[in-house]
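> with the sequence up front, the predicted model follows.
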Amino acid sequence: MGLTFFKNTVLLVVLTIISCGNGPLTPNGGNEVKNTMKDGENEIVVGAEQFHLYSELLKGKNVGVVANQTSFLENENQHLVDFLISKKVSVKKVFAPEHGFRGTADAGEHVKDGVDSKTGVPLISLYGNNKKPSQEQLKGIDVVVFDIQDVGARFYTYISTLHYVMEACAEAGIPVIVLDRPNPNGHYIDGPILEKEHQSFVGMHPIPVVHGMTIGEYAKMINGEGWLKNKIKCKLTVVEIENYTHDTPYALPIKPSPNLPNAQSINLYPSLCFFEGTFINAGRGTEMQFQVFGAPSLPASKYTFEYTPQSNEGAKNPKFKGELCHGKDLRNEPHLNKINLEWLIDAYNANGKKKDFFNSFFVKLAGTDKLQKQIEQGLSAEEIRDSWKEGLAGFQKIREKYLFYP
């Protein structure tokens, strides 16, 4: 298939078919700041809001929906599943990724199958042992709609879920419709390229940590680069975002997971998630998730900010629960347009237990064993960044083939 709707110069392309509520989150979590492009004819319109462009693809079909709490239509003030049902779409199953359909589970927590209490639609977890829909689970489904807000980091597992959904649907001959949403970290590309020997659910593809693509563009890349098993192609439709560029500031209307509560945490996440592969706490167990970091063993003379992690939503058993941590408060740091390595390097050098600093998860997050070795060898942040240049240049050439937006 090959179908594209064009509009005039005021409006962007909004739909491409490819063969192969709350106010927005702000740095402090309030609702007072509007998106830069949310004004009259320049308003950002996400794919899900453009029902007129994909309604015919659902008419008379049994529909499966891959969704979580971010699958929300602001203009309708409704979850996508509720909205589709109100439009008489036959939603037969909902597939939920990490954190579950309502988005309240811990990172890595097992999420059980069940039934959505509001709609009665069966829920199937795509996390734990069942990351890829089985052919039995897809039986009776004619088309799958994927609508999940991503944050643009390789180790954020929603793009891994996207891969497995596309693969399973390709094997079953079921088309996939991706309702595209902006990438809040889409304004830059950075980090080491993942190496094949370090593939995992937190990194499946040879891309940098920050890829600078929307989830619709990324789906097109998965197809185009032959990343699905046996290079099978998914019959893919992407409903594009209206009035969006990669440099358009965008504040998410709903937090994408329990430990990304606001715009500041989302912007810092690609830099601070590396701490998840160390014994440093990155704010889990506080209300400052991915905006602070610390540990009891960091020197209080240098790390003057103090906090004590406790059990909370999304972190039932955080690192150093109940222990006083000395660390750094990043809540007022300027907006990043590159990964900050200085915080990681400084914490490694300041900590008295260098031998125990990294754990086995770090290499999976980095997608390479080189970064850990570089830090242990005493390389500076700039020296490490220089080692990324060739890989990033190669990725950017590949990425250009799959972009919908300037």
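Perfect, I can see it now.
> in contact with the residue most central in space within the chain, which residues?
The centroid of the chain falls nearest to residue 150 when counting by CA atoms, centre = their mean (3.1 Å). For residue 150, the contacting residues are 156, 158-159, 181, 183, 214-215, 218, 256, by CB atoms under 8 Å, 6 or more residues apart in numbering. Quick note: C-beta positions are derived from backbone N, CA and C, even for glycine.
> the same query, at a cut-off of 10 Å, please.
Neighbour list for residue 150: 70, 156-159, 161-162, 180-186, 211, 213-216, 218, 256 [criterion: CB atoms under 10 Å, 6 or more residues apart in numbering].
> which element is it on?
Following DSSP states H and E, one finds residue 150 outside all helices and strands.
> related to what we said a few turns ago, among the contacts of residue 150, name the buried ones.
Burial by neighbour count, 16 or more other CB atoms under 10 Å: within the contacts of residue 150 this picks out 70, 156-159, 161-162, 180-186, 211, 213-216, 218, 256.
> residue 372 is in contact with residue 354, isn't it?
No - the criterion here is CB atoms under 10 Å, and residue 372 misses it with residue 354 at 11.4 Å.
> contacts only, for residue 347.
Contacts for residue 347 (CB under 10 Å, 6+ apart) come out as 274-275, 278-280, 293-295, 297-298, 302-303, 327-328, 357, 375.
> run the last query once more with 8 Å
Contact analysis of residue 347 by CB under 8 Å, 6+ apart lists 275, 278, 280, 293, 295, 298, 357.
> the third one reaches residue 294, doesn't it?
This points to residue 280. Yes - using CB atoms under 8 Å, residue 280 is in contact with residue 294, at 7.0 Å.
> quick check: closest non-adjacent residue to residue 51.
The shortest distance from residue 51 to any non-neighbouring residue, by CB to CB, 6 or more residues apart in numbering, is to residue 87 (6.8 Å).
> per-residue confidence for that neighbour?
Looking at residue 87, its pLDDT stands at 98.
> quick one: residue 336 from residue 247, how far?
14 Å (CB to CB, to the nearest Å).
> before we move on, what about residue 159?
21 Å.
> for residue 306, same thing?
For residue 306, the distance to residue 247 - CB to CB - is 37 Å.
> over to residue 190?
Counting by CB to CB, the separation of residue 190 from residue 247 is 15 Å.
> who has more neighbours out of these two?
The neighbour count for residue 190 versus residue 247, taken as other CB atoms under 10 Å, is higher for residue 190 (21 against 11).
> for the more buried one, grab phi and psi.
The phi/psi pair for residue 190 (degrees, to the nearest 10) reads phi -170, psi 160.
> let me see the contact set for it.
With contact set as CB under 8 Å, 6+ apart, residue 190 has these partners: 208-210, 270, 338-339, 388, 392.
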